[in-house]
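Q: Predicted coordinates and the sequence they were generated for:
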Amino acid sequence: MQLPIVKYGSSLLRQHTLDVLPEEKYRELVNNLFDSLNTKEGIGLAAPQIGILKKMFVIAVPLNDDKGDKVLYLRRAFINPVVINKSDVKVYYNEGCLSIPGIYEDVLRSESINVRYFDKDFNLVEEQLDGIVARVFQHEYDHLEGVLFIDRLNPLKRKLLARKLNQIKKNR
């Protein structure tokens, strides 16, 4: 079921999330997250962004450029994810967020990370993620901790965005 995206200004986006238990209806939440993720606008969505304070997010990262062919996506659910280790190599990348529409800024994040999580079938997975997948994981993982990408910007940049952020908050 497609659910509305919680916008900047909602206290839900600033709260910490709770673990997902195997006996919970986690598959329904996975499906709702994928249904709610508009891949024309975003490549990841965390449970708090649809109003559910659980440790879960999904990604749908394009694997190919759309040059007349159908776009193929790496679609994956991450349940109770943990970052084990981050590389010292950090890179900037222009990020946006479905909860903060219309704002895009360069954010510095680790180029690769080692993670542990449960997949959509609740199998434990441990792996290294690199590039855009590592980036999206870190962005969505932040949502589970009540952190938004704008929190990772320098104070001057955030001050310059204040008017736009207040407008989003007012119109949510």
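A: Received the coordinates, thanks.

Q: pLDDT weak spots in the chain?
A: Residue ranges of the chain with pLDDT under 70: 39, 65-69.

Q: just the helices in it please.
A: 26-36, 131-144, 155-171 (DSSP state H).

Q: Export the ones you listed as JSON lines, with columns for distance to V125.
A: C-betas here are computed from N, CA, C, even on glycine. JSON lines is the format used below for the helices of the chain (distance: least, CB to CB, whole Å):
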{"stretch": "helix 26-36", "distance to V125": "14"}
{"stretch": "helix 131-144", "distance to V125": "12"}
{"stretch": "helix 155-171", "distance to V125": "35"}
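
Q: Who's the closest spatial neighbour of the residue nearest the centre of the chain, skipping the chain neighbours?
A: When CA atoms, centre = their mean is applied to the chain, the residue found nearest the centroid is E140 (2.3 Å). Spatial nearest neighbour of E140, excluding adjacent residues (CB to CB, 6 or more residues apart in numbering): F57 at 3.8 Å.

Q: List the beta-bridge partners for that neighbour.
A: A46, F78 (DSSP bridges).

Q: With the one 5 residues further on instead?
A: Taking DSSP bridges, one obtains Y73 as the residues bridged to P62.

Q: which one of the helices of the chain is the most hemmed in?
A: helix 131-144 (a mean of 21; mean count of other CB atoms under 10 Å).

Q: Distance-wise, check the nearest residue to F34 once chain neighbours are set aside relative to P155.
A: Distances taken as CB to CB, 6+ apart put V58 closest to F34, at 5.4 Å, once the chain neighbours are dropped. From V58 across to P155, the span is 32 Å (CB to CB, to the nearest Å).

Q: if I pick P62, what's in contact with it?
A: Under the criterion of CB atoms under 8 Å, 6 or more residues apart in numbering, the contact partners of P62 comprise 39, 43, 71-73.

Q: now, which of the residues you listed sits nearest V83?
A: I43 (18.6 Å; CB to CB).

Q: Report how many residues lie close to that closest one.
A: 21 (other CB atoms under 10 Å).

Q: Was I right to think it contacts V61?
A: Yes: contact status for I43 versus V61: in contact at 5.2 Å, counting by CB atoms under 8 Å.
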